[in-house]
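Asker: Sequence plus predicted model, see below.
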Amino acid sequence: MSFQRPQIFRPPSEARSYFLPLTRGCSNNSCTFCRYNNSQLQIRDVDEVKAEIDALDIYLKGGVRLPDIHPIVYEIAPYMSSKRVFLQDGDALVYPYDKLVNALEYLNGKFPGLERIAAYSTPQDLLRRSVDELKTLRDLKLDIVYVGPESGDDDVLKRVNKGVTRDEIVEATLKAKSAGIALSLTILLGLGGISGSKKHALETARLLTEIDPEYAGALTLTLVPGTPLYEDEREGKFELISPFQSLEELRTIIENSKLTNCFFSSMHASNYLSIRGMLPQEKDTMLKQLDQVLDKMDESLLRPEFMRGL
């Protein structure tokens, strides 16, 4: 099967990056809540990756469009003005290591002014790499990886088929940190359901404390039709938390995380309330914002359902 270019699915902070696909889908396709559940991983040929880099270079230098190049390349070409590239798709670091190094060397050769390369990564991707291999990728300007632990609770991780334990998540992310790669971690409010809400929040705060990432973002669980967790909720096997319970989880995580210098955000569209700030510097301010809403329990203060999204 020829490589099918993936849809653009990226972190909010990569909105103005150029999107360069290395893979399609996700190697860890078993998570019960995820849009990539049961997806078919595709690995793009490195020569095809280089051909896109060549086409991008030619277009930016002279406005020439080459045949047989996907039109999206030319639509997003202006994003290269940001000097940032985001490697697609769900876990681009699963790309074979030698080919990944080859692709990044070629990219840097064509665009020596690049400031940053970023990618999603699973903990498994990081565990497969040595610190020296990760340092090589850092030297090639892989500056940040986005990792989704989702929870620090082993019971939750097992229930959603995450494929790793909390200790393995810590090991993987600290390996990236030791290589000089910045971390942006995603946690998922509500993933423990109603019965596991408190433990999920406390254990997630403990996980963040142990990893101490540069960035962390909270999303709120949104059930995706067709996923196993969506079916579990329909069959009464999983109870979705309420909007205000999601804010209670968020408060618990912020209050109990002991971080040294982390930008924490709940600005994603899935959340019912958007807050952001540096932890620990702005912890009291963020907790006060949450308490003001939780004390009133007024739904008009929350993002309405029709405005929430993935």
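Answerer: Everything's here; your move.
Asker: Can you show me the strands along the stretch 51-200 of the chain?
Answerer: In the stretch 51-200 of the chain, the strands defined using DSSP state E, counting those that start in this stretch lie at 84-88, 116-121, 142-150, 182-189.
Asker: distance between the first one and the chain's centre?
Answerer: Here strand 84-88 is found 12 Å from its chain centre; the criterion is Cα atoms, centre = their mean, to the nearest Å.
Asker: related to what we said a few turns ago, can you add mean pLDDT, mean neighbour count and distance to residue 165 and give the strands of the stretch 51-200 of the chain back as TSV?
Answerer: No exception for glycine: its C-beta is placed from N, CA and C like everyone else's. What follows is the strands of the stretch 51-200 of the chain, written out as TSV (pLDDT from 0 to 100; neighbours: other Cβ atoms under 10 Å; distance: least, Cβ to Cβ, whole Å):
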stretch	mean pLDDT	mean neighbour count	distance to residue 165
strand 84-88	95	24	26
strand 116-121	95	24	17
strand 142-150	96	23	11
strand 182-189	96	23	16
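Asker: nearest to residue 77, of these?
Answerer: Nearest to residue 77, of all the strands of the stretch 51-200 of the chain, is strand 84-88, at 11.8 Å by Cβ to Cβ.
Asker: Which other helices and strands does the closest one contact?
Answerer: Judged by 3 or more Cβ pairs under 8 Å, 6 or more residues apart in numbering; DSSP states H and E, the packing partners of strand 84-88 are strand 18-21, strand 116-121.
Asker: what lines up beside that strand in the sheet?
Answerer: strand 18-21 (parallel), strand 116-121 (parallel) (DSSP bridges).
Asker: now these as CSV including distance to residue 54?
Answerer: Compiled in CSV, those are given as follows (distance: least, Cβ to Cβ, whole Å):
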stretch, distance to residue 54
strand 18-21, 12
strand 116-121, 18
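Asker: follow-up on the earlier one: compare the helices and strands packed on strand 84-88 and report which one is nearest to residue 103.
Answerer: Residue 103 sits nearest to strand 18-21 of all the helices and strands packed on strand 84-88, at 8.3 Å, using Cβ to Cβ.
Asker: what does the helix or strand just after the closest one contact?
Answerer: Once the chain leaves strand 18-21, the next helix or strand it forms, by DSSP states H and E, is strand 23-24. By Cβ atoms under 8 Å, 6 or more residues apart in numbering, the residues outside strand 23-24 that reach it are 3-6, 40-44, 88-92, 94-95.
Asker: Neighbour-wise, give me the winner out of those residues.
Answerer: Tallying neighbours with other Cβ atoms under 10 Å puts residue 91 at the head of these, with 29 neighbours.
Asker: check contacts around that one.
Answerer: 23, 26, 27, 28, 119, 120, 121, 122, 125.
Asker: which non-adjacent residue is nearest residue 155?
Answerer: residue 196 (6.7 Å; Cβ to Cβ, 6 or more residues apart in numbering).
Asker: rewinding a little: looking at the helices and strands packed on strand 84-88, which is nearest to residue 218?
Answerer: strand 116-121 (17.0 Å).
Asker: and the closest one with strand 142-150, angle?
Answerer: 30 degrees (axes from the mean of the first three to the mean of the last three Cα atoms, to 10 degrees).
Asker: Show the pLDDT at residue 181.
Answerer: pLDDT for residue 181: 97.
Asker: still on that earlier bit, can you redo the strands of the stretch 51-200 of the chain as a markdown table with distance to residue 276?
Answerer: Below are those laid out as a markdown table (distance: least, Cβ to Cβ, whole Å):
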| stretch | distance to residue 276 |
| --- | --- |
| strand 84-88 | 20 |
| strand 116-121 | 19 |
| strand 142-150 | 16 |
| strand 182-189 | 13 |
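Asker: Of all the ones you listed, which one is nearest residue 169?
Answerer: strand 142-150 (4.8 Å).
Asker: Quick one: work out the angle between that closest one and strand 182-189.
Answerer: 20 degrees.
Asker: i'd like the first residue to be 46 from this point on
Answerer: Sure, I'll start counting at 46 from here, so that last one is strand 187-195.
Asker: Mind listing the strands strand 187-195 pairs with, and their directions?
Answerer: Sheet pairing for strand 187-195, using DSSP bridges, gives strand 161-166 (parallel), strand 227-234 (parallel).
Asker: Now do it: everything it contacts.
Answerer: Contacts of strand 187-195 (Cβ under 8 Å, 6+ apart): 56, 76, 78, 138, 149, 160-168, 171, 201-202, 205, 207, 211, 214, 217-218, 221, 226-233, 236, 249, 252, 259-260.
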